[in-house]
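J.: Kindly return the folded structure for what I paste below:
(2 chains)
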Amino acid sequence: DAGVTQSPTHLIKTRGQQVTLRCSPKSGHDTVSWYQQALGQGPQFIFQYYEEEERQRGNFPDRFSGHQFPNYSSELNVNALLLGDSALYLCASSLLAGLGDEQFFGPGTRLTVL
Amino acid sequence: AQKITQTQPGMFVQEKEAVTLDCTYDTSDPSYGLFWYKQPSSGEMIFLIYQGSYDQQNATEGRYSLNFQKARKSANLVISASQLGDSAMYFCAMSPDSNYQLIWGAGTKLIIKP
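T.: Okay, here's the model as predicted:
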């Protein structure tokens, strides 16, 4: 049973460019959450998708957008990249992320913006 | 405000000793969940243990136990008989019932000395 997978593993972009990160949830999971983790800090919630809709959003600008497909996989898009967007981007999946539902994490995508 | 505080940026512990990692939380939700995750240098978040706010007993998972003191709003992680492989970042996180996201602390870097 495959766990959460993310692609690519590493990515280097320049300021102003756009990037798309991909996530496939653990088998049987229908909810995908995205987190940004800057170096030396805890993760920050970007948004969560359930039934192909954004269910909740954290304090991130509109440059960050996402999508969930019918097979529950998800994409995170970041437009007009800034140096401060350099971080580890973590995808987590769960079954209806409610109280006590463990979120399973992928290995992350490390984004470097030059 | 909903917040997780981890006051120990780093800890050095001798192999085979027990270690306690501190976590305090703040929420006005009567119902919430508390999680501990381990993050090795590879970046992937590994779930360790979960405690629900209404659970009467402290959670245990193998060498991990959670010292839950609700009145003090603390949820300390205890690792018994530490091993070299326990060296990693450790994050405390909270899932309030009013919220789908995980709220994270800044983490504690644990280094086990041989």
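
J.: Run through chain A and note the low-pLDDT ranges.
T.: Within chain A, the ranges that satisfy pLDDT under 70 run A:1, A:96-100.

J.: Could you list the residues of it in contact with chain B?
T.: Neighbours of chain B within chain A, by Cβ under 8 Å from any Cβ of the partner chain: A:33, A:35, A:41-45, A:48, A:55-56, A:58, A:88, A:90, A:92, A:97-108, A:110. Glycine gets a C-beta too; all of them are placed from N, C-alpha and C.

J.: Pull out the buried residues from those residues.
T.: Neighbour counting with 16 or more other Cβ atoms under 10 Å in any protein chain shown marks A:33, A:35, A:42-45, A:48, A:55, A:58, A:88, A:90, A:92, A:97, A:99-108, A:110 as buried within these.

J.: The most centrally placed residue in chain A is in what secondary structure piece?
T.: By Cα atoms, centre = their mean, the mean C-alpha position of chain A lies nearest to residue A:34, the distance being 3.1 Å. For residue A:34, the enclosing helix or strand under DSSP states H and E is strand A:31-37.

J.: does residue B:49 sit in a helix, a strand or a coil?
T.: What DSSP: H, G, I helix; E, B strand; the rest coil gives for residue B:49 is strand.

J.: who's it bridged to?
T.: On the basis of DSSP bridges, residue B:49 is bridged to residue B:36.

J.: residues contacting it?
T.: B:35, B:36, B:59, B:60, B:61, B:64, B:65, B:66, B:77 (Cβ atoms under 8 Å, 6 or more residues apart in numbering or on different chains).

J.: From residue B:67, how far out is it?
T.: Distance, residue B:49 to residue B:67, using Cβ to Cβ, to the nearest Å: 11 Å.

J.: Need the residues touching each of those two.
T.: Common neighbours of residue B:49 and residue B:67 are listed as residue B:77 (criterion: Cβ under 8 Å, 6+ apart).

J.: that older thread, ok now do the closest residue in space to the residue nearest to the centre of chain A that isn't next to it in sequence, which residues does it touch?
T.: Closest residue to residue A:34 apart from its sequence neighbours, by Cβ to Cβ, 6 or more residues apart in numbering or on different chains: residue A:46 at 4.3 Å. By Cβ under 8 Å, 6+ apart, the contact set of residue A:46 is A:33, A:34, A:35, A:36, A:57, A:58, A:60, A:64, A:66, A:76.
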